[in-house]
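Enquirer: Pasting a predicted model and its sequence here:
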Amino acid sequence: MKRLINLTPSKGGRWLLGLLPFLLLAMIYLALSNARLAENPNDRLLPAPATMAQTFYNLATEENVRTGQIILWADTVASLERLLIGVAISALIGLSVGIVNGGLPLVRAKLSPLVTVVSLIPPMAILPILFIAFGTGEMAKIALIAIGVTPFLIRDLQGHALRLPDEQLIKAQTLGASSWQVLTRVLLPQLTPRLLNATRLALGTAWLFLIAAEAIASQEGLGYRIFLVRRYLSMDVILPYVAWITLLAFLLDQLLAWISRLAFPWYHAGEGDTS
């Protein structure tokens, strides 16, 4: 008798099983929306899918009278620019400090406690400080993302470096490698794919900080738009924007996964169908 733990779905079966939760949620939403609209055709809490589609189309095609920009694309470009810069800075610092902390015990003794303390500070709590220090422009929003994501990346890469077999480090030194060569030729190649994986995990957190910063002080951006229209209960704007943010996050996640598989196939050996 086959046990449940040993049953593996086919490729088509995986797609079907993956779509089932989304279909179920869509059916539940349609049922609730139809019930509310039947009682009150002007209900704004659960708009009909056709209404949301029309609103989204208008946002994606019509120019704003005041700015001359197409709202959806202007918001998307502004948010993605902030997100990508913040995540790139976090990845650069995280990789550099993570390698040094993981490879050099003397440095780890000095920096590791600081990284641990910084990682425990709620980034949203220091957002007012960032606005005071950098103003309400782009720098404060990018800094919030970097401060929120970087400690996680450092700790993840440092831990991965410490879990590498000691034999690798010993063999490299036996062959005459200096400390710098051990860091760049032994640790760096093995931590780089881990960095991409950790960045994928941190994207959700980065989006959270971005939306929060845009909601508080911004003139454009996906988070700004959501919080701007909430006062009017414009769920026909909010829900499509949430779905759009989710799609963008998914595409960024898959892009990083594709880059990782392409550049480091050895790291993904044996993963099977996981991504």
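Expert: Perfect, thanks for sending it. Numbers count the residues shown, from 1 in each chain.
Enquirer: So residue 143 is in contact with residue 132, correct?
Expert: No - look at residue 143 against residue 132 with C-beta atoms under 8 Å: they stay out of range, at 11.8 Å. From N, CA and C alone the C-beta is placed, and that goes for glycine too.
Enquirer: who's more crowded, those two?
Expert: residue 143 (22 against 11; other C-beta atoms under 10 Å).
Enquirer: And the pLDDT at the more buried one?
Expert: Per-residue pLDDT puts residue 143 at 93.
Enquirer: before we move on, what about the one 5 residues further on?
Expert: Among the per-residue scores, residue 148 shows a pLDDT of 93.
Enquirer: and if you look at residue 152?
Expert: 94.
Enquirer: how about the helices in the stretch 1-150 of the chain?
Expert: Remark: helices assigned in the stretch 1-150 of the chain by DSSP state H, counting those that start in this stretch are 11-39, 49-61, 71-103, 105-120, 127-134, 138-162.
Enquirer: Helix or strand for the spatially most central residue of the chain, just tell me which one.
Expert: What sits nearest the mean C-alpha location of the chain, by C-alpha atoms, centre = their mean, is residue 203, with 1.2 Å. Secondary structure assignment for residue 203, by DSSP states H and E: helix 188-216.
Enquirer: That helix packs against which elements?
Expert: helix 71-103, helix 127-134, helix 138-162, helix 222-229, helix 235-263 (3 or more C-beta pairs under 8 Å, 6 or more residues apart in numbering; DSSP states H and E).
Enquirer: try it again with 6 Å
Expert: Under the contact definition 3 or more C-beta pairs under 6 Å, 6 or more residues apart in numbering; DSSP states H and E, helix 188-216 sits against helix 71-103, helix 138-162, helix 222-229, helix 235-263.
Enquirer: could you redo those helices as JSON lines and give each row distance to residue 210?
Expert: Formatted as JSON lines, these follow (distance: least, C-beta to C-beta, whole Å):
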{"stretch": "helix 71-103", "distance to residue 210": "5"}
{"stretch": "helix 138-162", "distance to residue 210": "6"}
{"stretch": "helix 222-229", "distance to residue 210": "6"}
{"stretch": "helix 235-263", "distance to residue 210": "9"}
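Enquirer: In the protein, where is pLDDT below threshold?
Expert: Scanning the chain for pLDDT under 70 picks out 1, 270-275.
Enquirer: Could you tell me the angle between the helix holding residue 203 and helix 138-162?
Expert: Using axes from the mean of the first three to the mean of the last three C-alpha atoms, to 10 degrees, the direction of helix 188-216 lies 150 degrees away from that of helix 138-162.
Enquirer: Buried residues in helix 188-216, which are they?
Expert: 188, 190-200, 202-203, 205-207, 209-216 (16 or more other C-beta atoms under 10 Å).
Enquirer: To residue 6, which of the helices and strands packed on helix 188-216 lies closest?
Expert: Closest of the helices and strands packed on helix 188-216 to residue 6 is helix 235-263, at 26.2 Å (criterion: C-beta to C-beta).
Enquirer: How far off centre is that closest one?
Expert: What separates the centre of helix 235-263 from the centre of its chain is 9 Å, taken as C-alpha atoms, centre = their mean, to the nearest Å.
Enquirer: Please point out which parts of that helix sit buried.
Expert: For helix 235-263, burial by neighbour count (16+ other C-beta under 10 Å) applies to 235-241, 244-245, 248, 252-253, 256-257, 260.
Enquirer: closest one to residue 50 among the helices and strands packed on helix 188-216?
Expert: Closest among the helices and strands packed on helix 188-216, using C-beta to C-beta: helix 235-263, at 9.9 Å.
Enquirer: Between helix 49-61 and the closest one, find me the angle.
Expert: If you take the same axes, to 10 degrees, helix 235-263 sits at 70 degrees to helix 49-61.
Enquirer: residue contacts, the residue nearest to the centre of the chain?
Expert: Residue 203 makes contact with 249, 252-253, according to C-beta atoms under 6 Å, 6 or more residues apart in numbering.
Enquirer: For my notes, confirm residue 218 occurs in a helix.
Expert: No - applying DSSP: H, G, I helix; E, B strand; the rest coil, one finds residue 218 to be coil, outside a helix.
Enquirer: That one contacts residue 224, correct?
Expert: Yes - the criterion here is C-beta atoms under 6 Å, and residue 218 meets it with residue 224 at 4.1 Å.
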